[in-house]
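Chemist: Predicted model and sequence follow; I will ask about them next.
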Amino acid sequence: MSQQAKVIVQTQDFNVAEEYALLANDISDGAVVNFVGKVRDFNDGSDVTDLTLEHYPGMTESVLNQLAEQAYDRWPLNKVTIIHRVGTMGLGEQIVFIGVTSAHRKAAFAACEFLIDFLKTKAPFWKLEAGSDGDKWVEARDSDEQAAKMWQE
Amino acid sequence: MIQVLFFAQVRELLGTDKVAVPASGIHTTEDLRAVLAAKNEKWGKVMTSDKLLVAVNQTMSNWDTVVEQGDEVAFFPPVTGG
């Protein structure tokens, strides 16, 4: 029987310490792996001043839950948390949190990487960057698609 | 009717986030795309882009996916979250 993942799409920031504490409170788990994605100050050679995330409400949550379900099918996991922000975020702000717990580290590392690779190519989020050149939609990267394909082999 | 949604650049280029299209004569996502592309030159360009993606009832779909009365169909560019 697979566990229920915690999947949240929200505009407000999240607290990594709180999310870690919720993930880490089960003594059967020997491993907790967290990933946090942040807004950085450059992309493709242009400066970036802030980032706006748009999404497809309803479909986003359903895709994220399906990805978590696939991770539970592939690895012996206990807890899975996926939090993704939408709206406008400034430089250095947190965008996405992925947390995975398991009895052993290998499963936790692998599942966390699988989730971020698939989220980047399957979940309906779009980034709009503001910078000195004006607003620019972020182009999808072939390298992200290849990273996601790696898990299908 | 078929409820049609647009996101990100597609929404911005078309200048609208949704339209309703009569379902008669539409059997697949490709049919729906052709109806929208025929509106004018701008819509033609956006709707025939080879990067355009489509979801039917919030599930990622192909150009031969069946579309029926009452369905929600969304058109959008490749995703860039994370």
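Modeler: Yes, it's here.

Chemist: From here on, just use CA atoms for contacts and neighbour counts.
Modeler: Fine.

Chemist: Which parts of chain A are strands?
Modeler: A:6-10, A:31-38, A:42-43, A:46-47, A:50-55, A:77-85, A:87-90, A:94-102, A:125-131, A:134-137 (DSSP state E).

Chemist: could I get those as JSON lines with distance to chain B, mean neighbour count and mean pLDDT?
Modeler: Below are the strands of chain A laid out as JSON lines (distance: least, CA to the nearest CA, whole Å; neighbours: other CA atoms under 10 Å in any protein chain shown; pLDDT from 0 to 100):
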{"stretch": "strand A:6-10", "distance to chain B": "12", "mean neighbour count": "15", "mean pLDDT": "98"}
{"stretch": "strand A:31-38", "distance to chain B": "7", "mean neighbour count": "18", "mean pLDDT": "98"}
{"stretch": "strand A:42-43", "distance to chain B": "13", "mean neighbour count": "12", "mean pLDDT": "73"}
{"stretch": "strand A:46-47", "distance to chain B": "17", "mean neighbour count": "14", "mean pLDDT": "78"}
{"stretch": "strand A:50-55", "distance to chain B": "7", "mean neighbour count": "21", "mean pLDDT": "96"}
{"stretch": "strand A:77-85", "distance to chain B": "8", "mean neighbour count": "23", "mean pLDDT": "98"}
{"stretch": "strand A:87-90", "distance to chain B": "12", "mean neighbour count": "18", "mean pLDDT": "96"}
{"stretch": "strand A:94-102", "distance to chain B": "6", "mean neighbour count": "25", "mean pLDDT": "98"}
{"stretch": "strand A:125-131", "distance to chain B": "5", "mean neighbour count": "22", "mean pLDDT": "94"}
{"stretch": "strand A:134-137", "distance to chain B": "7", "mean neighbour count": "14", "mean pLDDT": "91"}
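
Chemist: Test my guess that residue A:128 contacts residue A:136.
Modeler: Yes - between residue A:128 and residue A:136 there is a contact at 5.6 Å, judged by CA atoms under 8 Å.

Chemist: Helices along chain B, start to end?
Modeler: Remark: helices assigned in chain B by DSSP state H are B:8-14, B:29-37, B:41-47.

Chemist: Minimum distance to residue A:55: which of these has it?
Modeler: Closest of the helices of chain B to residue A:55 is helix B:8-14, at 8.3 Å (criterion: CA to CA).

Chemist: what comes up buried for the closest one?
Modeler: B:8, B:9, B:10, B:11, B:14 (16 or more other CA atoms under 10 Å in any protein chain shown).
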